[in-house]
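J.: Just need the structure, nothing else, for what follows:
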Amino acid sequence: MTLPFTSARPAALAGVAPALWAIALVHGLNDLFQAVLPALYPLLQSRYALSYSQIGLITLVFHLVGSLCQPLVGWCTDRTPRPWLLPWAMLCMAAAMVLLARADSLPDFVLVAATIGLGSSIFHPEGSRAARSASPGRPGLAQSVFQLGGNIGSAAAPLLLASVLVLSLAQLAGWLCALALGGAWVLRRLQRANAARAQGTSNAPSALGALAPTAKTRALVLLSLLVLSKYLYLACIANFYTFFLIERFAVSIAQAQLYLFVFLLAITLGSLVGGPLVDRLGRRRVIMLSILGACPFALLLPYASLPLALGLSVLIGLIIASAFAAILLMAQDLLPGRSGLVAGAFFGLTFGISGIGAAGLGLLADRWGVVATFCAASGLPLLGLLACWLPRDVSRPDDQERRL
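T.: Numbers count the residues shown, from 1 in each chain. Just a heads-up that it's a prediction; the model follows:
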């Protein structure tokens, strides 16, 4: 899908195409809607007497819908790009917010989660393709700006709880529905402005695409395991960090949400520089630095004092942020011409891992307690060692003579 304003000029951050910023903005709205329920979990738990297992079930339904539907959407849009899916994704999110305004029981919240998951499934594969076509020649930058929008939306979600203290849940959902309709309008404008739509976004030639099938399979398995390590850990943070802080340090719900916001904001800032680093250093190096580099700070976090925990969470967020962009781009290099399928599969994989992880962590939290579960999950970034066995980037001059 080719969008307007897709200039081929050098892609310094200040010169990012307006279309890419627009896509990133709507990605922020999409991920804000994704994070609505997790941000409201403490309130929903106290108001509707939900257990940790029920909270995990809500998250599982959302992520399973996303994990199953996104690869299908990506596969379909590789065959025939469908830019009209982007505004329809926002309309789906608007419907989810209407359902949230009327929800008052566990089945209602499960339905809201499923509808949000469907909207995200529609948005991510085609949105990722649109972002890449809006910044030709700089896929790392495009993915970075695209992820930046999503991370801003996720980081803003914990602030929703403060809004509920002023507004009712129904009023908050009404405002979010209006935002979703606004996002649909922006994407519709972009679609109409694109009079000559391309039949897809082609990947630049890559030596990784010429690897033997067995080498490609091994690399894709390793990338999947690295996604597992990152997103299972992030599922622990997103769903149980506030409960950990409340139980460990006896902070208020508002204070715990503020700490979660700081962590998510650090991820947002890290993603801003992660994509350009991928273009400069290569996929493999950034993956290793991102996941494995966050490991010592993740291991220290459960045992730190409250002020130190704030600093460690910032370091973890800044370091780990760029891993997914590098993983996704390496996977797309391995399977040229299948950018939509790869994006859908890996976004879907993150959804599935996060959902199953949230459900499993919820069961462990009911059995072991939140603090013990959080401590056990802190070792997950150690799987970053698997990046040592990934194929080397050969697009950089200093790597040309190295064997893959």
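J.: and Asn151, what pLDDT?
T.: Per-residue confidence (pLDDT) for Asn151: 75.
J.: same check, this time on Met90
T.: As predicted, Met90 sits at a pLDDT of 92.
J.: Next one: Arg47 from Ile253, what distance?
T.: For Arg47, the distance to Ile253 under the criterion Cβ to Cβ, to the nearest Å works out to 12 Å. For every residue, glycine as well, the C-beta is placed using N, CA and C.
J.: now Ile319
T.: In this view, Ile319 and Ile253 are 28 Å apart by Cβ to Cβ.
J.: quick one, which of the two is more surrounded?
T.: The neighbour comparison of Ile319 against Ile253 (other Cβ atoms under 10 Å) goes to Ile319, with 24 against 18.
J.: give the contact list for that one.
T.: Gly270, Leu289, Ser290, Gly293, Ala294, Phe297 (Cβ atoms under 8 Å, 6 or more residues apart in numbering).
J.: Nearest to Ile246 among the residues you listed?
T.: Checking the contacts of Ile319 against Ile246 by Cβ to Cβ gives Phe297 as the nearest, at 21.5 Å.
J.: and the closest one, how many neighbours?
T.: 21.
J.: does it count as helix, strand or coil?
T.: helix (DSSP: H, G, I helix; E, B strand; the rest coil).
J.: Now stretch 348-366 - C-alpha only, CSV.
T.: Coordinates of each C-alpha in stretch 348-366 appear next as CSV, following Å, rounded to 0.1, in the frame of the first residue of the first chain:
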residue,chain,number,x,y,z
GLY,A,348,0.0,-12.4,16.4
LEU,A,349,2.8,-14.2,18.2
THR,A,350,3.2,-11.4,20.6
PHE,A,351,-0.5,-11.4,21.3
GLY,A,352,-0.6,-15.2,21.9
ILE,A,353,2.5,-15.2,24.1
SER,A,354,1.2,-12.2,26.1
GLY,A,355,-2.3,-13.8,26.5
ILE,A,356,-1.2,-17.3,27.5
GLY,A,357,1.5,-15.7,29.7
ALA,A,358,-1.0,-13.5,31.4
ALA,A,359,-3.3,-16.4,32.1
GLY,A,360,-0.5,-18.6,33.3
LEU,A,361,1.0,-15.9,35.5
GLY,A,362,-2.5,-15.2,36.9
LEU,A,363,-2.7,-18.8,38.0
LEU,A,364,0.8,-18.7,39.5
ALA,A,365,-0.1,-15.4,41.3
ASP,A,366,-3.2,-17.1,42.8
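J.: which parts of it are buried?
T.: Across stretch 348-366, burial judged by 16 or more other Cβ atoms under 10 Å covers 348-359, 361-362, 364-365.
J.: now do stretch 131-145
T.: Buried residues in stretch 131-145, counting neighbours by 16+ other Cβ under 10 Å, are found at 131-136, 138-145.
J.: Ok, stretch 275-286 next?
T.: Under the neighbour-count criterion of 16+ other Cβ under 10 Å, stretch 275-286 has Gly275, Pro276, Leu277, Val278, Asp279, Leu281, Gly282, Arg283, Arg284, Arg285, Val286 buried.
J.: which of the residues you listed sit farthest apart?
T.: Of all pairs drawn from the buried residues of stretch 275-286, the greatest distance, 16.3 Å, lies between Pro276 and Arg284 (Cβ to Cβ).
J.: if we can go back for a sec, between the buried residues of stretch 348-366, which is nearest Leu222?
T.: Nearest member of the buried residues of stretch 348-366 to Leu222, counting by Cβ to Cβ, is Leu349, at 13.0 Å.
J.: Now do the contacts for the closest one.
T.: Listed by Cβ under 8 Å, 6+ apart, the contact partners of Leu349 are Ser67, Ser224, Val227, Tyr231.
J.: just the buried members of those residues?
T.: Neighbour-count burial within these applies to Ser67, Ser224, Val227, Tyr231; the criterion is 16+ other Cβ under 10 Å.
J.: residues in contact with the nearest residue in space to the first one that is not next to it in sequence?
T.: Among residues not flanking Ser67 along the chain, Gly352 sits closest, at 3.2 Å (Cβ to Cβ, 6 or more residues apart in numbering). Contact partners of Gly352, counting by Cβ under 8 Å, 6+ apart, are His63, Leu64, Gly66, Ser67, Leu68.
J.: need the contact list for Leu100.
T.: Taking Cβ under 8 Å, 6+ apart as the contact definition, Leu100 lies against Val36, Val112, Leu169, Ala173, Leu176.
J.: Give the buried residues for the helix or strand that contains the fourth one.
T.: Pointing back at Ala173 there. For Ala173, the element it lies in under DSSP states H and E is helix 169-193. The neighbour-count criterion (16+ other Cβ under 10 Å) identifies 169, 172-173, 176-177, 179-180, 183-184, 186-188, 190-191 as the buried residues of helix 169-193.
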